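> Just the structure for this:
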Amino acid sequence: MITARNSGNCGSQWLCRLIAALGLLAAVTSSPAVGQTGNGQAAPRREAAQVFFSGHSLIDNPLPDWVELIATSLGKRISWEQQMILGSPLRLRTRGEGPTGWKGYRYGKNRDGEGMDVIDELGQGRSAGTGRPYDTLVVAENHGLLGSIIWENGIGYLRHFHDRLTAANPSGRTLYVHAWLGIDRQDPGRFVAREMEISRIWECAAEKANLSLEAENRPAGLSVIPAGSALATLVQQGLSGQVANLSGSPVQVVDAIFRDDVHLTDPGIYFLAAVHYAAIYGQSPQGAEAPESVAPDLAAELQALAWQVVQGFQQSRRPQMAECRRILIDSVCESYWSYTQSFEEIGRCKGYFSRTDPQREGNPFIWPDSQWTALPFP
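Presented below is the predicted three-dimensional model:
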């Protein structure tokens with residue numbers, strides 16, 4: 001069993017980083033204001049959902065299957081489809097490889113086979129077997145978020161995918177998954193601190209899309225699934241002895257959650273499935289079934305923590321664009337590019353996000369933004 005350490009005497013570099021991150025974690029796991037999401041919208045309690053998952057290996061099967069397991073075992077209804085391409089940015093799953101044609105909406109692995117017409121499925125629900133439009137899009141950008149924002153117009157493609165959902169269902173909502181970077185088993189505190197820092201930037205990306213929608217008198221229909229910050233919370237609580245069924249040395253605790261530096265074990269995947277369920281249905285996953293590979297006592301702890309994290313996250317206010325710029329300049333540019341060992345990008349990143357004058361292909365975290373233009377319909 002791991003025991004809690006005395007924060008007055010770190011004893012190691014990684015533990016000092018871990019303790020430094022606790023202030024950020026407190027904001028995530030604090031008691032929530034009921035009915036709020038991370039971008040300030042009402043969090044609906046739902047009994048049924050029709051969900052389209054688009055992503056890569058971090059949310060690939062069995063995560064959607066286990067969201068279904070949790071939902072059905074709690075008496076909820078769910079129908080779903082998926083589009084998965086390993087390692088893919090959102091650009092590849094929308095525009096595709098060519099400059100025109102939006103072929104990416106036909107790329108990827110589906111529940112049965114590959115090459116589905118995603119736009120048609122969003123509107124018709126043929127594969128889901130409902131014959132009606134989807135109400136929820138769960139979409140993951142590549143975990144290289146800053147690169148996607150700076151060089152790939154990641155926010156533009158996020159808005160484009162959301163528009164494909166709402167073209168058929170104007171009340172549809174998009175849940176943008178905070179995809180996490182890798183963990184160093186010898187320094188897990190760095191992972192905790194980095195994912196908590198960058199969590200707000202995932203919200204900032206969704207918020208820019210929301211601002212652009214509101215400028216068109218449309219609902220701000222995007223919010224974030226806090227997968228990365230949820231994992232940071234799980235790692236922190238496991239290392240500090242607060243998860244009874246995660247025991248052993250720090251490396252053993254991390255090994256119980258991570259299969260390699262970024263992909264998860266079955267307990268880690270199940271934890272994020274519980275986080276997804278809580279975000280989709282607006283209800284606790286506690287009491288749900290778990291796969292045989294996740295011990296019942298551990299599953300119960302993971303369910304409780306998932307609900308705690310999602311509730312805490314949902315009380316946060318909508319980010320301001322000036323706040324987004326400040327966080328990037330003060331911390332995220334350095335921590336992100338240091339992780340990728342692209343140290344030469346740190347200064348360029350700070351310069352890029354410090355701009356406050358709207359420019360084409362410039363800093364997106366500006367509003368009003370006279371240079372914002374939604375990408376064209378396919």
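
> For residue 371, grab the count of nearby residues.
13 (other C-beta atoms under 10 Å). All C-beta spots, glycine's among them, are computed from the backbone N, C-alpha and C.

> List the residues that contact the closest residue to residue 262 other than its chain neighbours.
Residue nearest to residue 262 in three dimensions, not counting chain neighbours: residue 182, with 4.5 Å by C-beta to C-beta, 6 or more residues apart in numbering. Residues in contact with residue 182 (C-beta atoms under 8 Å, 6 or more residues apart in numbering) are 191, 261-262, 339.

> Point me to the helix or strand that includes residue 182.
For residue 182, there is no host helix or strand (DSSP states H and E).

> For it, give me the pLDDT.
Note for residue 182: predicted pLDDT of 98.

> Next up, phi/psi of residue 79, please.
Backbone torsions for residue 79, taken as degrees, to the nearest 10, come to phi -130, psi 150.

> same question, residue 147
phi -60, psi -40.

> that older thread, who wins for most neighbours among the contacts of residue 182?
Among those, residue 191 has the most neighbours (other C-beta under 10 Å), with 28 neighbours.

> quick one, phi/psi of the residue lying closest to that one once chain neighbours are set aside?
Excluding its sequence neighbours, the residue lying closest to residue 191 (C-beta to C-beta, 6+ apart) is residue 183, at 4.1 Å. The phi and psi torsions at residue 183 (degrees, to the nearest 10) take the values phi -110, psi 140.

> separation between the residue nearest to residue 262 and residue 263?
9 Å (C-beta to C-beta, to the nearest Å).

> Now flag whichever of the contacts of residue 182 is closest to residue 73.
Nearest to residue 73 out of the contacts of residue 182 is residue 262 (C-beta to C-beta; 28.4 Å).

> Local confidence estimate at residue 201?
So, for residue 201, pLDDT stands at 98.

> let me fix that: residue 99
The model's pLDDT for residue 99 equals 78.

> Count the neighbours of it for me.
So residue 99, with other C-beta under 10 Å, has 6 neighbours.

> Then residue 100?
Neighbours of residue 100 (other C-beta under 10 Å): 9.

> Phi and psi next, for residue 67.
The phi/psi pair for residue 67 (degrees, to the nearest 10) is phi -60, psi -40.

> sorry, back to before: roughly how far does the residue nearest to residue 262 sit from residue 167?
The value you get for residue 182 to residue 167, if C-beta to C-beta is used, is 36 Å.

> correct me, but residue 158 touches residue 140?
No. With contact defined as C-beta atoms under 8 Å, residue 158 does not count as touching residue 140 (10.3 Å).

> where do the contact lists of these two overlap?
90, 176.

> what about residue 346, which helix or strand?
Short version: residue 346 belongs to helix 345-354, going by DSSP H and E.

> What count of nearby residues applies to residue 347?
12.

> pLDDT at it, what is it?
99.

> how near is it to residue 355?
14 Å.

> Is residue 201 in contact with residue 327, as I believe?
Yes. Under the criterion of C-beta under 8 Å, residue 201 makes contact with residue 327 at 6.5 Å.

> Now the element after the strand or helix carrying residue 275, going C-ward?
Per DSSP H and E, residue 275 falls inside helix 266-281. Downstream of helix 266-281, the next assigned helix or strand under DSSP H and E is helix 296-314.

> tell me the contacts of residue 68?
78, 80.

> Quick one: the strands in this structure, in order.
48-55, 77-84, 136-140, 173-177, 222-225 (DSSP state E).

> For these, give me a markdown table that also has mean pLDDT and mean neighbour count.
Shown next, in a markdown table, are these (pLDDT from 0 to 100; neighbours: other C-beta atoms under 10 Å):
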| stretch | mean pLDDT | mean neighbour count |
| --- | --- | --- |
| strand 48-55 | 99 | 22 |
| strand 77-84 | 99 | 21 |
| strand 136-140 | 99 | 24 |
| strand 173-177 | 99 | 24 |
| strand 222-225 | 98 | 26 |
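
> between those, which gets nearest to residue 117?
strand 77-84 (10.4 Å).

> For residue 51, give the beta-bridge partners.
residue 80, residue 136 (DSSP bridges).

> so it touches residue 80, yeah?
Yes. Taking C-beta under 8 Å as the definition, residue 51 is a contact partner of residue 80 at 4.4 Å.

> Quickly list what's touching both of the two.
In contact with both residue 51 and residue 80: 64, 67, using C-beta under 8 Å, 6+ apart.

> first to last residue in stretch 120-131, what's the distance?
Start to finish, the residues bounding stretch 120-131 are 11 Å apart (C-alpha to C-alpha, to the nearest Å).
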